[in-house]
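Novice: coords please:
(2 chains, ligands or ions: 4)
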2 protein chains.
Amino acid sequence: MAKTLVFGHKNPDTDSITSAIVYAYLKNQTGHGAEAVRLGDVTEETAYALEQFNVEAPREISSVAGETQTVILVDHNERQQSADGIEDVQILEVIDHHRIANFETEAPLYYRAEPVGCTATILLKLFKEKQVDIPKNMAGLMLSAIISDSLLFKSPTCTDEDRQAAKELEAIAGVNAEEYGLALLKAGADVSQKSIDD
Amino acid sequence: MAKTLVFGHKNPDTDSITSAIVYAYLKNQTGHGAEAVRLGDVTEETAYALEQFNVEAPREISSVAGETQTVILVDHNERQQSADGIEDVQILEVIDHHRIANFETEAPLYYRAEPVGCTATILLKLFKEKQVDIPKNMAGLMLSAIISDSLLFKSPTCTDEDRQAAKELEAIAGVNAEEYGLALLKAGADVSQKSIDD
Ligand SMILES: [Mn+2]
Ligand SMILES: [Mn+2]
Ligand SMILES: [Mn+2]
Ligand SMILES: [Mn+2]
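Specialist: Ligands and ions are numbered 1, 2, ... in the order given. Take a look at the predicted model:
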């Protein structure tokens, strides 16, 4: 049977790419075959995070048709932000931090949304609830997502839970969140600059 | 400020009544003012459970208009199963075990759905996650909901998680699940019988 595919939204940001990787890791650790994929290009910011923590980018797909029968959505739920063909597969789970809209299932599912600033903050809870150890590189990717979504803890969507999660992840990842975070955001900003210049 | 109202679906079954009571209790224990209400009559089955564990039925409302600005839905999510006026209040949370349909929010929220047989099975997890002690009567209500939704563990929707939850709750509630469960279902069945006869 094909693996369950795990992916974030189209035009993926760092949270969408890293949460797919991290949650696929957690699913595999708990005995469910899962593969992270992505619905678009990896940004320079995300590429920086992946390189820092030595993790490869997931393969890109545009449609789930012919790929799998079952999917897990991270960092989104709205159909128009999701993979083409999403209406023809079973959504087993959603892990997200956005409002719910344009979302409907045929069957009961695991849906975990919390009003926090980043999907990774919820993923950290899931590791704890399932009592799975967090490897250094997975912690680094989750920290990167929180830094990215919260603009280094400055966004109004950033909650105390996100800040607390980042502190825990910083220790496991073995980096300084402020220093690493500035470098991460800079890696992304350089490119926006470039595309304006070009 | 008005309390957050917590309620299950229209034509409430035992899970909808007891999960509203139990989750309102948990919210109050964790510092969030909440009141359980109901969207219809208490069945004979539910009345039996409430009496056995010495808990009063929540007050009945038909519309949330003028009642509160914030609500928490348990045991349902579809708008047509919910309170009149639901579109004019903020849904802060949903705790449910059904498919998602006809549901949309303006803002991020806490949404916890799991593909299990009963809302109470999820509530038991939430008590543990929040490290709140479960009083005997709250355990009895949760056990009642699982017995009701699973028809004493015989329904195809009943999962191992529901069975495990019932075992834990049975010990706290201080009843024998099989004996108590038969009496509970009989209390409900007597009435269906009566209404056929009448
Ligand atoms: Mn995103
Ligand atoms: Mn995000
Ligand atoms: Mn119900
Ligand atoms: Mn139910």
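
Novice: pLDDT wise, what is the nearest residue to residue A:178 once chain neighbours are set aside at?
Specialist: In space, and not counting its chain neighbours, residue A:178 is closest to residue A:152: 7.2 Å by C-beta to C-beta, 6 or more residues apart in numbering or on different chains. (Glycine included, C-beta is placed from N, CA and C.) pLDDT recorded at residue A:152 is 98.

Novice: residues in contact with residue A:152?
Specialist: A:177, A:178, A:181, A:182, A:185 (C-beta atoms under 8 Å, 6 or more residues apart in numbering or on different chains).

Novice: likewise residue A:117?
Specialist: Residue A:117 sits next to A:97, A:146, A:149, A:150, A:155, A:157, A:158, A:159, A:162 when contact means C-beta under 8 Å, 6+ apart.

Novice: distance check, the residue nearest to residue A:178 against ligand 1.
Specialist: Going from residue A:152 to ligand 1 by C-beta to the ion, to the nearest Å gives 16 Å.

Novice: name the helix or strand for that residue, please.
Specialist: Here residue A:152 is covered by no helix or strand, with elements defined by DSSP states H and E.

Novice: and the gap between it and residue A:131?
Specialist: 30 Å (C-beta to C-beta, to the nearest Å).

Novice: can you check residue A:13 too?
Specialist: Counting by C-beta to C-beta, the gap from residue A:13 to residue A:131 is 29 Å.

Novice: neighbour count for the two, which is higher?
Specialist: residue A:13 (19 against 7; other C-beta atoms under 10 Å in any protein chain shown).

Novice: narrow the contacts of residue A:152 to those in helices?
Specialist: With DSSP state H as the criterion, helices contain A:177, A:178, A:181, A:182, A:185 from among these.

Novice: on the pLDDT front, check residue A:11 for me.
Specialist: For residue A:11, pLDDT reads 97.

Novice: burial measure for it, as a count.
Specialist: Using other C-beta under 10 Å, residue A:11 is surrounded by 11 other residues.

Novice: A strand includes it, no?
Specialist: No. Assigned with DSSP: H, G, I helix; E, B strand; the rest coil, residue A:11 falls outside any strand and is coil.

Novice: residue for residue, what is the longest strand chain A has?
Specialist: Using DSSP state E, we find that the single longest strand of chain A is strand A:90-96.

Novice: any residue of that strand touching ligand 1?
Specialist: No. Figure legend: strand A:90-96 not in contact with ligand 1 (C-beta under 5 Å from the ion); closest approach 9.2 Å.

Novice: that'll do, ta.
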